[in-house]
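Colleague: model this:
(2 chains)
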Amino acid sequence: AQSVTQPDIHITVSEGASLELRCNYSYGATPYLFWYVQSPGQGLQLLLKYFSGDTLVQGIKGFEAEFKRSQSSFNLRKPSVHWSDAAEYFCAVGGQTGANNLFFGTGTRLTVIP
Amino acid sequence: GAGVSQSPSNKVTEKGKDVELRCDPISGHTALYWYRQSLGQGLEFLIYFQGNSAPDKSGLPSDRFSAERTGGSVSTLTIQRTQQEDSAVYLCASSLGKGSYNSPLHFGNGTRLTVT
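Modeller: Next comes the predicted model:
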């Protein structure tokens, strides 16, 4: 069965520090992987996605994520966090064809302190 | 252009009442999804519409929940005889429906439902 695990419920980082949000997935076939961000009072916005090829994918707002098949992970990273990055981050896994549904993790809330 | 629009943004209802939540997808998007986001939980898939195909209702938690999509556009999620555990944010999303990779989901801001 498909599932996504985000082990960190809440992370606090200082502005300017680096960030890594963890995501592990379980999927029976080659997955599509996504990171979405939900800022306060706003809908979810796609940050980046992985299909195939280069395992390091770049997204918007300076985020990147690395797909590691051996670890079933797709961790999100940013070298230097800005105060505006404070939000909830969701990892999701989807199917390549047919199954258009996405399975989401429980989210990681990011707090940025000055 | 306009994004996914959901109404109302907030709804407070008494236990046992029926509620209707509305979603207006992005024009031209053939796929429409409903998700539920409860406190401390991830997004829980409820139902998926794709064009004129029969909807995927596999995520609906009980027969109190139903949804329809009229004319391939606007969708209504109905919850009958609401219970306190139905309190959550209900999110609607739409996509071009060409496979999850090629057509990412665009989410609305959600309807926050509170059952008292």
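
Colleague: where does chain B have its least confident helix or strand?
Modeller: When the helices and strands of chain B are compared on mean pLDDT, DSSP states H and E, strand B:43-50 comes out lowest with a mean of 89.

Colleague: so, in contact with chain B or not, the helix or strand bottoming out on mean pLDDT in chain A?
Modeller: Ranked by mean pLDDT, DSSP H and E, the weakest helix or strand in chain A is strand A:102-104, scoring a mean of 84. Yes: judged by Cβ under 8 Å from any Cβ of the partner chain, strand A:102-104 comes into contact with chain B through A:102-104. Just so you know, the C-beta spots here come from the backbone N, C-alpha and C atoms, and that holds for glycine as well.

Colleague: With distance to residue B:87 as extra columns, can I get those residues in a markdown table?
Modeller: Formatted as a markdown table, the residues of strand A:102-104 next to chain B follow (distance: Cβ to Cβ, whole Å):
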| residue | distance to residue B:87 |
| --- | --- |
| A:102 | 23 |
| A:103 | 23 |
| A:104 | 19 |
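
Colleague: Quick check: pLDDT value at the residue nearest to residue A:65 when sequence neighbours are not counted.
Modeller: The spatial neighbour of residue A:65 that comes closest, neighbours along the chain excluded (Cβ to Cβ, 6 or more residues apart in numbering or on different chains), is residue A:76 at 4.8 Å. At residue A:76, the predicted lDDT confidence score is 98.

Colleague: strands paired with the least confident helix or strand of chain A, and their directions?
Modeller: Strand A:102-104 pairs in its sheet with strand A:87-94 (antiparallel), by DSSP bridges.

Colleague: what mean pLDDT does the strand it pairs with have?
Modeller: 92.

Colleague: Check the offset of it from the chain's centre.
Modeller: With Cα atoms, centre = their mean, to the nearest Å as the basis, strand A:87-94 stands 5 Å off its chain's centre.

Colleague: and chain B, which residues reach chain A?
Modeller: B:3-4, B:31, B:33, B:35, B:40-43, B:45, B:48, B:50, B:56, B:59, B:91, B:93, B:95, B:97, B:99-101, B:104-110.

Colleague: List only buried entries from those residues.
Modeller: B:4, B:31, B:33, B:35, B:42-43, B:45, B:48, B:50, B:56, B:59, B:91, B:93, B:95, B:97, B:99-101, B:104-110 (16 or more other Cβ atoms under 10 Å in any protein chain shown).

Colleague: who are the neighbours of the least confident helix or strand of chain B, in terms of helices and strands?
Modeller: Under the contact criterion of 3 or more Cβ pairs under 8 Å, 6 or more residues apart in numbering or on different chains; DSSP states H and E, strand B:43-50 touches strand A:102-104, strand B:31-37, strand B:65-69, strand B:75-79.

Colleague: Show me the contact partners of that strand.
Modeller: With contacts defined as Cβ atoms under 8 Å, 6 or more residues apart in numbering or on different chains, strand B:43-50 is touched by A:90, A:92, A:100-104, B:30-38, B:55-61, B:65, B:67, B:69, B:75, B:77, B:90-91, B:97.

Colleague: Just the buried ones among those residues, please.
Modeller: Buried members of the contacts of strand B:43-50, counted by 16+ other Cβ under 10 Å: A:90, A:92, A:100-104, B:30-37, B:55-56, B:59-60, B:65, B:67, B:69, B:75, B:77, B:90-91, B:97.

Colleague: who does the spatially most central residue of chain A bridge with?
Modeller: Centroid check for chain A by Cα atoms, centre = their mean gives residue A:35 as the closest residue, at 3.4 Å. Residue A:35 has these beta-bridge partners by DSSP bridges: residue A:48, residue A:91.
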